[in-house]
Each structure stands twice: as structure tokens, then as C-alpha cells.
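**Q** build the 3D model from these lines:
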Amino acid sequence: MNATTDSESRALALADIIDFKWLLTAEGLHVHVERLQSDPDYARHCLDKADASSREAVRDAAARLRRRLGLA
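**A** The predicted structure follows:
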């Protein structure tokens, strides 16, 4: 069985957020992690910026995070 606990799910989501943050930092954009988690408008803004990246890894990270945050 591949069930995960709530805390495991939050840890996975946080790992995706941190990955996203560092990928965007390399693009010259700052991401505020706590705000990304609590402000859907801010999260959409950051994800939209990532979607415009020329780097596939950045766009892929944004797509994963959109799903995790329920903003797909």
C-alpha cells in the first residue's frame, strides 16, 4: 500500500516548495515560502512567473506545486 500520512504529505509539499524557491532564486526571483503557502494570489503570481521561464525544470516544478497547492 502507498498510503501517506498527513505529516508526510505536508513534508513532501514543503520539499516541492523549497525546490521551487531555489529554482526561482536562480531565475533572479525571490519567493517568500510562508506567503506562498498562505496567500493563493501570491502563489498564483509566483507560479505564473515560473510558467514563463525558459527552463523546463522551473516550469515542471511550478506544475507540481500547482497540483500540490490545489491551484491547477
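**Q** first-to-last residue distance for stretch 26-37?
**A** Length of stretch 26-37, first residue to last, C-alpha to C-alpha, to the nearest Å: 20 Å.
**Q** for it, buried residues please.
**A** Residues of stretch 26-37 classed as buried: 31, 36 (neighbour count, 16 or more other C-beta atoms under 10 Å). C-beta coordinates here come from the backbone N, C-alpha and C atoms, glycine included.
**Q** quick check: mean pLDDT across that stretch?
**A** Confidence for stretch 26-37, expressed as mean pLDDT, is 94.
**Q** what sits up against that stretch?
**A** 17-18, 20-21, 24-25, 42-43, 46, 49-50, 53, 55, 58, 69 (C-beta atoms under 8 Å, 6 or more residues apart in numbering).
**Q** ok, now with 7 Å
**A** Contact with stretch 26-37 is made by 17, 20, 21, 24, 42, 43, 46, 49, 53, 58, as judged by C-beta atoms under 7 Å, 6 or more residues apart in numbering.
**Q** centre of the chain to it, how far?
**A** Centre-to-centre, stretch 26-37 and its host chain are 9 Å apart (C-alpha atoms, centre = their mean, to the nearest Å).
**Q** ok so, going back, now, of the contacts of stretch 26-37, which are buried?
**A** 17, 20, 21, 24, 43, 46, 53, 58.
**Q** thank you kindly, that will do.
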